[in-house]
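Visitor: have a look; sequence and predicted model below, questions after that.
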Amino acid sequence: MVNQTYIVDVLVVGGGTGGTAAAIQAARRGAKTILVSEFSWLGGMLTSAGVSAPDGNELEAFQTGLWGAFLQELRQRQPGGLDNSWVSFFSYDPRIGAEIFANWVQELPNLHWISGQVPIEVYRQSDSITGVRFADFAVTAKIILDGTELGDLLALAEIPYRWGWELQSEWGEPSAPVNFNSFTKRYPVQAPTYVVIMQDFGDAMSTTGVAAAPEIPAAPNYNPSEFTGAWDAYGAETFLNYGRLPGGRFMINWPICGNDYGQGLGRLIESDVSRGEFIQESRWHSQNFAHFIQNQLGRRYGLAEKVFPHTSTAFALHPYYRESRRLVGLTTVREQDILPIAEGRVASIFNDAFAVGNYANDHHYPGVQFSLQPKSIRWGGRWTGTPFTIPYNSLIPATTDGFLVCEKNISVSHIANGATRLQPVVMGIGQAAGMAAAMCVELNCQPRHLPIRALQTALLADNRSKTAIIPLFNLPPNRSDWLHWQLYYLNNPQAYPDSGYCPCPSENEYPDSAFDKALIRESNCFKGIFSRLDRQEYRFAVTAPAAYQGQNWQLVTLRSHIDEQLSAYPHEQLVTLWGRYNHFGNWLLVEHLNGG
């Protein structure tokens, strides 16, 4: 029974990564906004799903918008910093991430957040979506956004969507299958992971002589052979440090004989009951993996305490979904749109681009190695991904008004979803969708009629969290000419360089900004011998300080002018560096570089 009906400008359903960003941006733009979430934490993949070691958009030039602001907040709030794992440059306590999003929402009087609710019915007038009903209230709004983890509003509103694979004949995607087969039937979408956080309890023994960590019981269907060999290619310590978090904790989100779960994936969209069954099984699967880890590596490792806000505090609030229902939109992002152009290091850009991504195309199917067209590149002494853009028309249904998507549910092929699904990209999608929704209210227009250049300009010039639209390796957001070059390539797309480098003066020709100086102040000074093993592979034999003397580290950077300096530095020369040493990745993240 509906006890109350709210009337607002913008309604965002789903408090995940994209939905949270959309609601914050819409409200910051001035729209009266309601955000309805299923869970008590906001942030989705970055928090409530437990993936607090995010991938992608790690380069300084791509740390923009709400994603860049989130990283800045994490750096200020996370004791000991973010250099804790080797899978990501940013690993943190998920409680701190949830606190950041909650704080951002609470500071906006025109944003009303309601948690613990899921959509039940969508209201429609002709070809326009007008509202959503929940258990005991309804919301009508001028623009409604689907930020659910699995695109649930698409189904409720009967808006056309895709689920599963497309054949190569559909769009000519080089990695798509020629025919449907037993593999595509078994895994219609990528496998989710129910993240569990483990903890190092140390070698201490209790008074009874039992190791400190409580025993992790096996869950139903325990089969140790499913996990045998999980870390054989890495070693146990390296395996644990993959997703290491502060405070001696470990994010267990491991794809090799680990806790990805893909049994009966179709159940996720069949019914509430079948979805619940899948979620329970995936959680048991992660519990069994944790049980296996404890049995193999000892009782110093147990389930983490007091992490997530429910009874089983080591388990995320919901699975980490890598793929959902995908909108049939005005434009569909295909594999070709995320791959490097011929002889280039960037993908071609969309005219209606609004967000940037750069992660490799990464697919998860338990027990199967699926070959994909490569899009990885070496940059800054390490592997990263080809930069690409997301088009605004991928958020808009082909025939429905009053509606936008803002999560993994954009109009994207199954193949390309492997790169567009990453947390920073989805945060950028959400921010742009929220901005678009608020501007549609201002201009009294439908999303399909919103002038794209007005949206792009608003995102570039946002006074709180300006966001890059054109990916350029050497254009970090702290540069004074950042906006000039972003607008230049929007106005002259034919001039966009294949290399991803704009012909602007070197960063070294500018005095250090306050941002640069802050990075250096937070760094440590090291001296040693620089070695170039390959064009983009650098080592550093430490001579000082004495505590690290004789150690040999990989050198990496996220900053374009440091990348240029490293690529030109003489082999086997003494060098003085300022940076942050990551013990678990055995690399020095270089922030500043001088001669010896």
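Guide: Happy to help now that I have it. Keep in mind the model is a prediction, meaning the values are calculated, not measured.
Visitor: would you map the helices across the stretch 51-200 of the chain?
Guide: Under the criterion DSSP state H, counting those that start in this stretch, helices of the stretch 51-200 of the chain are mapped to 65-77, 94-106, 152-156, 168-171, 182-186.
Visitor: what about the last one, average pLDDT?
Guide: Yep, that's helix 182-186 we're talking about. Taken as a whole, helix 182-186 has an average pLDDT of 97.
Visitor: in the stretch 301-450 of the chain, mark out all the helices, start to finish.
Guide: So, for the stretch 301-450 of the chain - with DSSP H, counting those that start in this stretch - the helices run 417-420, 423-443.
Visitor: which residues are contacting stretch 568-580?
Guide: 81, 83, 520, 522-532, 540, 543, 555, 557, 588-596 (C-beta atoms under 8 Å, 6 or more residues apart in numbering). (C-beta placed from N, C-alpha, C; glycine too.)
Visitor: against Pro374, how distant is Tyr496?
Guide: For Tyr496, the distance to Pro374 under the criterion C-beta to C-beta, to the nearest Å works out to 22 Å.
Visitor: who has more neighbours out of those two?
Guide: Remark: of Tyr496 and Pro374, Tyr496 carries more neighbours, 20 against 13, as counted by other C-beta atoms under 10 Å.
Visitor: residues touching that one, list them.
Guide: Per C-beta under 8 Å, 6+ apart, neighbours of Tyr496: Val346, Ile349, Ile470, Tyr489.
Visitor: and what of Gly147?
Guide: 12-16, 18-20, 22-23, 405-407, 430 are the contacts of Gly147 under C-beta under 8 Å, 6+ apart.
Visitor: cutoff 7 Å now
Guide: For Gly147, the contacting residues are Val12, Val13, Gly14, Gly16, Gly18, Gly19, Ala22, Cys406, Glu407, Gly430, by C-beta atoms under 7 Å, 6 or more residues apart in numbering.
Visitor: nearest residue to it in space, please, no chain neighbours.
Guide: Nearest-residue entry for Gly147: Gly19, 2.3 Å, with adjacent residues in sequence omitted and distances by C-beta to C-beta, 6 or more residues apart in numbering.
Visitor: same question for Gln554.
Guide: With sequence-adjacent residues excluded and distances taken as C-beta to C-beta, 6+ apart, Gln554 is closest to Trp587, at 4.2 Å.
Visitor: picking up where we left off before, out of the helices of the stretch 51-200 of the chain, the one nearest Arg421 is which?
Guide: helix 65-77 (14.5 Å; C-beta to C-beta).
Visitor: my guess is the residue nearest to Gly147 meets Gln431, correct?
Guide: No. Using C-beta atoms under 7 Å as the test, Gly19 is too far from Gln431 to be in contact (11.1 Å).
Visitor: just give the nearest non-adjacent residue to Asp136, would you?
Guide: Take Asp136 and drop its neighbours on the chain: the residue closest to it by C-beta to C-beta, 6+ apart is Asn3, 4.8 Å away.
Visitor: pLDDT score for that neighbour?
Guide: Residue-level confidence at Asn3 comes out at 84, pLDDT.
Visitor: check the one 4 residues further on too.
Guide: For Ile7, the model assigns a pLDDT of 98.
Visitor: again with Gln369
Guide: You'll see Gln369 listed with a pLDDT of 88.
Visitor: please apply the same query to Ser312.
Guide: On the pLDDT scale, Ser312 is placed at 88.
Visitor: and Gly579, by the same measure?
Guide: Gly579 is assigned a pLDDT of 95 by the prediction.
Visitor: returning to that earlier point: out of the contacts of stretch 568-580, which are buried?
Guide: Buried members of the contacts of stretch 568-580, scored by 16 or more other C-beta atoms under 10 Å, are 83, 523, 526-532, 540, 543, 555, 557, 588-593.
Visitor: in strands, which of those residues fall?
Guide: Among these, the members found in strands (DSSP state E) are 526-532, 540, 543, 555, 588-593.
Visitor: okay, now the unreliable bits of the stretch 201-350 of the chain?
Guide: Residue ranges of the stretch 201-350 of the chain with pLDDT under 70: 203-211.
Visitor: quick one: contacts for Pro220?
Guide: Pro220 touches Trp284, counting by C-beta under 7 Å, 6+ apart.
Visitor: just to revisit the earlier point, okay, now the residue nearest to Asp136: neighbour count?
Guide: When neighbours are counted by other C-beta under 10 Å, Asn3 registers 8.
Visitor: likewise Gly30?
Guide: Close neighbours of Gly30, defined as other C-beta under 10 Å, add up to 13.
Visitor: quick check: phi and psi on it?
Guide: Listed backbone geometry of Gly30 is phi 120, psi 0, with angles given as degrees, to the nearest 10.
Visitor: from Ser413, how far out is it?
Guide: Distance check for Gly30 against Ser413: by C-beta to C-beta, it reads 35 Å.
Visitor: check Phe292 too.
Guide: 35 Å.
Visitor: which of the contacts of Gly147 fall in helices?
Guide: Judged by DSSP state H, the contacts of Gly147 include Gly18, Gly19, Ala22, Gly430 as members of helices.
Visitor: save those residues as a markdown table, and put in pLDDT and neighbour count too.
Guide: What follows is the ones in helices among the contacts of Gly147, written out as a markdown table (pLDDT from 0 to 100; neighbours: other C-beta atoms under 10 Å):
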| residue | pLDDT | neighbour count |
| --- | --- | --- |
| Gly18 | 98 | 34 |
| Gly19 | 98 | 30 |
| Ala22 | 98 | 36 |
| Gly430 | 98 | 33 |
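Visitor: for this structure, which residue is closest to the average position?
Guide: Central residue of the chain (C-alpha atoms, centre = their mean): Gln423, 1.4 Å from the mean position.
Visitor: my guess is that one meets Gly18, correct?
Guide: No. Between Gln423 and Gly18 there is no contact under C-beta under 7 Å: 9.5 Å.
Visitor: got the contact list for Leu475?
Guide: Neighbour list for Leu475: Ala61, Trp482, Trp485, Cys502, Cys504 [criterion: C-beta under 7 Å, 6+ apart].
Visitor: would you double-check that it falls in a strand?
Guide: No. Secondary structure assignment places Leu475 outside any strand; it is coil (DSSP: H, G, I helix; E, B strand; the rest coil).
Visitor: Ser560 versus that one, what's the distance?
Guide: Separation of Leu475 from Ser560 (C-beta to C-beta): 8 Å.
Visitor: quickly list what's touching both of these two.
Guide: By the contact definition C-beta under 7 Å, 6+ apart, Leu475 and Ser560 are jointly contacted by Ala61.
Visitor: where along the stretch 51-200 of the chain do the strands fall?
Guide: Across the stretch 51-200 of the chain, reading from the start of the chain, the strands by DSSP state E, counting those that start in this stretch fall at 111-115, 121-125, 128-133, 137-146, 161-162, 196-200.
Visitor: got a list of what Pro94 touches?
Guide: Taking C-beta under 7 Å, 6+ apart as the definition of contact, the neighbours of Pro94 are Thr47, Gly50, Ser52, Val307.
Visitor: most neighbours, which of the contacts of Leu475?
Guide: Counting by other C-beta under 10 Å, top hit in the contacts of Leu475: Ala61 with 24 neighbours.
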